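In: Sequence and computational prediction follow.
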Amino acid sequence: MPGGARISLNFMDSSLSSLKNCQSYINTGMDIATHVALDLVENFSFGMWYSCDVLISKTYIDDAEDVKSIENVMLEYAAMDRELNHYVEAIEETVNQIKREKPENMPDLKYLVKEKFTALESKNSDSDLQRNEKYLYFQDQLKEMRKQFRHQSGDDNEAIEQIDEDIVVTQSQMNFICPITQMEMKRPVRNKVCGHTYEEDAILKIIQTRKQQKKKVRCPKIGCSHADVKGSDLVPDEALKRAIDSQNKQSWSTLEKSAGYDAATKEICC
């Protein structure tokens, strides 16, 4: 019996390792699905908003349908992730339990794991999937991407005056500036607690310095009351990064066209 118990424990350790590998694959899949959804929104929104009304309407339909399909994929991933988490939890609870048992009282490990897993699965609800961390990030980034698009396209109000459009663009560009470095962000991260964004290297450096001083970090955004910024609260803001890159591409395109026009004008004049 003792020898058999050791083999069973070794097998369970191997199973745990395999399950955790599967979890990493699921996380990677969810990351890829999120990037694909953002690509769709970016391509439809930033690339086609300037076209005719019919095309704009079709764009929104295609965007919504394709992103909805990816959202369903994300929920399927979330369901698999929940199931794997339950298997991992069931195995870990079983291992901890049998370590306290005497060899002669060793239970049927397979039955015990199944029993614990079934108990965990019986508490499942659809809301569990909606609370999946990567699913929440997926939804959050889509929302931010569309918000950035509205800023750039002026879609919120077709009758807006030119001066108001300039204000909207200025406000959008202000969101590109890190409150720490006062420079345009290259790798923005957003605080899940207060919603403010910072340059990744800048905020992590402050957190590390304050940690060494055994002090908490107040959010660098003026007016924010959040007084305990943690590295674990920071997530990459892919939507904002794409908006910044898109704005820079448009600026370069405008400069290149302007340079080409000036050169052509000079050639004609001369």
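Out: In hand now; what should we look at?

In: Wait, residue 87 touches residue 19, no?
Out: Yes: using CB atoms under 8 Å, residue 87 is in contact with residue 19, at 5.6 Å. Just so you know, the C-beta spots here come from the backbone N, C-alpha and C atoms, and that holds for glycine as well.

In: Give me the distance from the helix or strand hosting residue 138 to the chain's centre.
Out: Residue 138 belongs to helix 133-153 when elements are defined using DSSP states H and E. Centre-to-centre, helix 133-153 and its host chain are 9 Å apart (CA atoms, centre = their mean, to the nearest Å).

In: Which other helices and strands does it contact?
Out: Contact analysis of helix 133-153 by 3 or more CB pairs under 8 Å, 6 or more residues apart in numbering; DSSP states H and E lists helix 2-48, helix 53-99, helix 162-174, helix 238-269 as its packing neighbours.

In: could you redo the last one with a cut-off of 10 Å?
Out: Helix 133-153 sits against helix 2-48, helix 53-99, helix 126-130, helix 162-174, strand 188-191, strand 234-236, helix 238-269, with contacts defined as 3 or more CB pairs under 10 Å, 6 or more residues apart in numbering; DSSP states H and E.

In: lowest-confidence stretch among these?
Out: If you rank the helices and strands packed on helix 133-153 by mean pLDDT, helix 162-174 sits at the bottom with a mean of 46.

In: ok, back up a step: residue 87 and residue 19 - which one has more neighbours?
Out: Set residue 87 next to residue 19 and count neighbours by other CB atoms under 10 Å: residue 87 wins out with 21 against 15.

In: my guess is that one contacts residue 118, does it?
Out: No: checked against CB atoms under 10 Å, the pair residue 87 and residue 118 is beyond contact range at 11.1 Å.

In: Kindly provide the distance from the nearest residue to residue 40 once chain neighbours are set aside to residue 42.
Out: Spatial nearest neighbour of residue 40, excluding adjacent residues (CB to CB, 6 or more residues apart in numbering): residue 66 at 5.1 Å. Residue 66 sits 12 Å away from residue 42, going by CB to CB, to the nearest Å.

In: what does residue 116 give?
Out: Between residue 116 and residue 42 the distance is 44 Å, computed by CB to CB.

In: And for residue 236?
Out: Distance, residue 236 to residue 42, by CB to CB: 15 Å.

In: Between the two, which is the more surrounded one?
Out: More crowded of residue 236 and residue 42, by other CB under 10 Å: residue 42, with 19 against 14.

In: ok, how many other residues are close to the residue nearest to the more buried one when sequence neighbours are not counted?
Out: Among residues not flanking residue 42 along the chain, residue 242 sits closest, at 5.6 Å (CB to CB, 6+ apart). Per other CB under 10 Å, the neighbour tally for residue 242 reads 21.

In: what's the answer for residue 101, then?
Out: 11.

In: That one is in what secondary structure piece?
Out: Using DSSP H and E, no helix or strand contains residue 101.

In: pLDDT at it, what is it?
Out: Per-residue pLDDT puts residue 101 at 70.

In: Pretty sure it sits against residue 107.
Out: Yes: the criterion here is CB under 10 Å, and residue 101 meets it with residue 107 at 7.0 Å.

In: give me every residue that touches residue 83.
Out: Contacts for residue 83 (CB atoms under 10 Å, 6 or more residues apart in numbering) come out as 19, 22, 26, 117, 120-121, 124.

In: how close does it sit to residue 74?
Out: Residue 83 is 15 Å from residue 74, by CB to CB.
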